[in-house]
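Participant: what's the 3D shape of this:
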Amino acid sequence: MDTDLFVAWFEETARLVRRDRDRLTRLDAAIGDADHGTNLDRGLTEVRKALTEWPPESPVQVLTSAGTALIRRVGGASGPLYGSVFRQMGKALDSPVTLAGFSAAFDEGVVAVERLGKAAPGDKTMVDALAPASRALALAVRDGVGVREAFEQAARAAAEGARATIPMQARKGRASYLGERSIGHEDPGAASSALFMAALATVAS
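Facilitator: Sure, this is the predicted structure:
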């Protein structure tokens, strides 16, 4: 997995988020501030700009640059949370990048989000998509599957995790203030996390 693949990952994620921006904002309107799609679209536009103006020379530089741009440009909680995922991945990633190394670094990114957001699976947050994706990657490494199949499995796990937030009652973030009224709505952060993983599966293919 080289630098070009990591750059393509963020470019494809930006495309998917732009496509689904209104859906993400509608999800956020139901249980949040109604700005998740708009904010994330703006942040990923800045990520693409940063990667174009200062071309990275390694996957670590891609992750660090992307994480920094998301922290600086995405409003609300999602900027620092997504930024933490990728900056921590950058710190943990070894070179050359193997599937096992990517999986381990991704898991550290998820742990960083759990720590920063004080969230766990079942709280109806982005963790409910990211944690299943991380487990799927670890299982793929254990089973010796290829990169493409591993990322497809992770994308499916993230999508299933996002859908599984619909019947949950939110226990973290602004949505938690709604109590039982948060039930019946997909968490927007989990939905956008699933897009990140779908983009990774696409570029790996």
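Participant: what's the helix or strand of the chain with the lowest mean pLDDT packed up against?
Facilitator: Within the chain, no helix or strand scores below helix 21-31, which has a mean of 89 by mean pLDDT, DSSP states H and E. Here helix 21-31 touches helix 36-53, helix 188-204, going by 3 or more CB pairs under 8 Å, 6 or more residues apart in numbering; DSSP states H and E. No exception for glycine: its C-beta is placed from N, CA and C like everyone else's.
Participant: which strands and helices sit next to the shortest one?
Facilitator: Judged by 3+ CB pairs under 8 Å, 6+ apart, helix 188-204 is in contact with helix 3-19, helix 21-31, helix 36-53, helix 78-92, helix 127-143, helix 147-163.
Participant: ranking the ones you listed by mean pLDDT, which is last?
Facilitator: In terms of average pLDDT, helix 21-31 trails the rest of the helices and strands packed on helix 188-204, at a mean of 89.
Participant: okay, residue 112 and residue 94: tell me how far apart.
Facilitator: 17 Å (CB to CB, to the nearest Å).
Participant: looking at those two, which one has more neighbours?
Facilitator: More crowded of residue 112 and residue 94, by other CB atoms under 10 Å: residue 112, with 20 against 13.
Participant: on that earlier part again, report the buried residues of the least confident helix or strand of the chain.
Facilitator: Going by neighbour count (16 or more other CB atoms under 10 Å), the buried part of helix 21-31 is 21, 23, 24, 25, 26, 27, 28, 30, 31.
Participant: and what of stretch 114-130?
Facilitator: For stretch 114-130, by 16+ other CB under 10 Å, it's 114, 117, 119, 121, 123, 124, 125, 126, 127, 128, 129, 130.
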